[in-house]
Every structure is written in structure tokens, then in C-alpha cells.
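Novice: here's my sequence, what's the structure:
(one chain, ligands or ions: 1)
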Amino acid sequence: MTQDELKKAAALAALDYVPEGAVIGVGTGSTVNHFIDGLAGIRSRIAGAVSSSEASSARLRAYGIPLVELTNVDELPVYVDGADEIDGGFAMIKGGGGALTREKIVAAVSRRFVCICDASKKVATLGCFPLPVEVIPMAARHVSRELAALGGKPVLREGFTTDNGNLILDVHGLAITDPRGFETRVNQIVGVVTNGLFAHRGADVLLLAAPGGVERFERG
Ligand SMILES: O=C(CO)[C@H](O)[C@H](O)COP(=O)(O)O
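Specialist: Numbers count the residues shown, from 1 in each chain. Just a heads-up that it's a prediction; the model follows:
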């Protein structure tokens, strides 16, 4: 199976977690695109979706799935999204697609985070995938220096602006042994909007697709 076929298998398994009549949270990325394609087949069963990016909104809209503003919702029963890496404690690095801030906001109001991944995303220690950090443009040099002082090698994502009008620094060379602590530390740098560590609000369910099938893991 190709990596994309594995992503699709994980994504379709997440349809089991979509409650009847609910508004659900929808993430961003190539794995989530498969989920949205699957959701289209059951769209009459849901009330709508809160989207985490302009790209996902466009795909949902194309299928006629009603988009709901997060400002009109207090809580979502479930949020389905991919990850760039996930560790054994259900902490993740996200933001490869640059949607980390809206993803973190939608995840924060969701009761259950269902993470959909192919098996290559499962790691022992987070950080092989460069950690995305969204920054206010005027703070980019300052934040870069601070991240370098923490031991990382920040690289500006050239030619990329987030849906919020900000920049992304991708931080290479990290081995994140304390994901919660590092998430907090990076958030304390002035000028950082969000970082791509989802440790304080990690996944609740992991659907991990390997050639032998989709394994389901639940946080205890
Ligand atoms: O965090 C994300 C986007 O900001 C994605 O979930 C993450 O990058 C995984 O993407 P893909 O499903 O394309 O592998």
C-alpha cells in the first residue's frame, strides 16, 4: 500500500467516530482531505462542520457540507485531524500544512480528538519532523534567536503566509523529551502565536494505518 492509501484507510476509519446530527471539527491536510471525501458520503447525517483552515473550508463547501463558525459553538463532540508526528503519550507535532493555530483552537473546544495517521507518523521521541511555530511577522528575527537559544535551528518557511496573516518558523534539530514543558516554553516567547506541539491537548484516539489494517488506540 502507498502512504496515501494508508492515510485514506485511517481517514475512513474515523467516520465511525462521527455522531449522528452533530457539528464536528475538521482539521487540515492530505489525510483530512480523505476524511472530508468520506464525510461527503454521510453528509445528511451531520449538522455541519467547524473547519480549521481555508483549504478544508473550500473542500467542505464543495461537497455542500454546512460550515459553522466556531463563534457560534460552545463545544464540539469530536475533532478529526492528522499529525506530522505522534508519540506514545498521544502528544503530537502538527502544522506541516501551516494551519496549527486554528487547529489548536478547534481542538481546544472539542471533547474528543481523533488523530488519523499512517504508521510512519508514530515516533518514540518528537522532533525529527521540524516543529512549526507561527509568529507575528515583525517578531520573526527575535523569535528565531530565542528558539536557537533553546537548541533548535529555526528556518523561515519561504513564501508562506498563514490563514491568519503570519509567518512560520520550522524548527529543526530538536529531540523533545518533555513535550508539555517545551510547548509551554515556546509559547512564552514574545511574538509566538502558537507552536505545533499538541501535548497539553493531545489526541484521545489514534487511528494508525499500517499495511495490515488500521489499529485503534485510546488514551487511558
Ligand atoms: O497539522 C497539519 C496541518 O497543519 C496536518 O494535520 C499535518 O501536517 C499532517 O498532514 P498530512 O495529513 O498531509 O500528512
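Novice: so what's the residue nearest the centre of the chain up against?
Specialist: For the chain, the residue nearest the mean C-alpha position is Lys94 (4.6 Å; CA atoms, centre = their mean). Counting by CB atoms under 8 Å, 6 or more residues apart in numbering, Lys94 touches 81-84, 100, 103-104, 132, 196, 198. Backbone N, C-alpha and C define where each C-beta goes, glycine included.
Novice: ok, it to Arg102 distance?
Specialist: Counting by CB to CB, to the nearest Å, the separation of Lys94 from Arg102 is 11 Å.
Novice: again, but for Gly159
Specialist: According to CB to CB, Gly159 and Arg102 sit 20 Å apart.
Novice: what does the protein put close to the ligand?
Specialist: 7, 27-31, 81-84, 94-100, 103 (CB under 6 Å from any ligand atom).
Novice: make a PyMOL selection of the buried ones in those residues.
Specialist: Buried residues within the residues of the chain next to the ligand, by 16 or more other CB atoms under 10 Å, are selected in PyMOL with:
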select buried, resi 7+27+28+29+31+81+82+83+84+94+95+96+97+98+99+100+103
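Novice: helices of the protein, start to end?
Specialist: Counting by DSSP state H, the chain has helices at residues 3-13, 30-40, 54-62, 100-108, 140-149, 179-187.
Novice: hey, which of those helices is tucked in deepest?
Specialist: Most buried of the helices of the chain by mean neighbour count (mean count of other CB atoms under 10 Å) is helix 100-108; its value is a mean of 23.
Novice: Val23 against Val73, yeah?
Specialist: Yes - the pair Val23 / Val73 is scored as a contact, 6.1 Å apart, by CB atoms under 8 Å.
Novice: overlap in contacts of these two?
Specialist: Val50.
Novice: which one's more surrounded, the two?
Specialist: More crowded of Val23 and Val73, by other CB atoms under 10 Å: Val23, with 20 against 15.
Novice: ok, the more buried one to the ligand distance?
Specialist: 20 Å (CB to the nearest ligand atom, to the nearest Å).
Novice: which ones are touching that residue?
Specialist: Applying CB under 8 Å, 6+ apart, the residues near Val23 are 46-50, 68, 73, 76.
Novice: one more: Thr31?
Specialist: 7-8, 10-11, 82, 116-118.
Novice: what does Pro130 give?
Specialist: Contacts for Pro130 were tallied using CB under 8 Å, 6+ apart; they are 155, 170-172, 174.
Novice: same thing but 10 Å
Specialist: 84, 93, 95-96, 152-155, 157, 168-174, 196 (CB atoms under 10 Å, 6 or more residues apart in numbering).
Novice: next, count neighbours for Gly89.
Specialist: 13.
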